[in-house]
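A.B. asks: Below are the sequence and a predicted model; questions follow.
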Amino acid sequence: REQPVESGGGSVQAGGSLTLSCAAASGYDYCISKSWYRQAPGKARELVSILKPDGTATYSDSVKGRFTISEDNTNDMLYLQMNSLTAEDAATYYCVTLCRYGSTNSERWGQGTQVTVTL
């Protein structure tokens, strides 16, 4: 797999929850960071959360306390648990991995998965 593959997007009512999944690209030696970005129509791309190998997670102020990033290293999966969703969270969500491939660092983006929040 050359690129990460996201899944789990869909439509959810405001106040509801959704969990996004990402199957990481294969073939890396190790990863420097794994992240979730999002972009809504007409808005700038936003870094939602980033996870470092030591387990340190950071979040944008807009999702702090509501979203949780996690990973399953055994299965090369990255997750984003999203709670208390609002209309402001509606966007296409992208999984991004920054990993080492031989002598090169490579940042790879998934195709994105869409999240719609209904009122």
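C.D. replies: Perfect, thanks for sending it. Residues are numbered from 1 along each chain as shown.

A.B. asks: May I ask you to confirm that residue 45 is in contact with residue 36?
C.D. replies: No - using C-beta atoms under 8 Å, residue 45 is not in contact with residue 36, being 11.3 Å away. The C-beta positions use only the backbone N, C-alpha and C, and glycine is treated the same way.

A.B. asks: Could you check which of these two is surrounded by more residues?
C.D. replies: Using other C-beta atoms under 10 Å, the more surrounded residue of residue 45 and residue 36 is residue 36, with 27 against 12.

A.B. asks: From residue 29, how far off is the more buried one?
C.D. replies: 22 Å (C-beta to C-beta, to the nearest Å).

A.B. asks: The residue lying closest to residue 70 once chain neighbours are set aside in helix, strand or coil?
C.D. replies: Spatial nearest neighbour of residue 70, chain neighbours left out: residue 79 (4.9 Å); criterion: C-beta to C-beta, 6 or more residues apart in numbering. Under DSSP: H, G, I helix; E, B strand; the rest coil, the three-state class of residue 79 is strand.

A.B. asks: show me what contacts residue 79?
C.D. replies: 19, 20, 21, 22, 69, 70, 71, 72 (C-beta atoms under 8 Å, 6 or more residues apart in numbering).

A.B. asks: Can you select the buried ones among those for me in ChimeraX?
C.D. replies: In ChimeraX, this line selects whichever of the contacts of residue 79 come out buried by 16 or more other C-beta atoms under 10 Å:
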select :20,21,22,69,71
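
A.B. asks: Need the contacts of residue 79 in TSV (columns: distance to residue 53).
C.D. replies: Shown next, in TSV, are those (distance: C-beta to C-beta, whole Å):
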residue	distance to residue 53
19	22
20	20
21	19
22	16
69	13
70	13
71	9
72	14
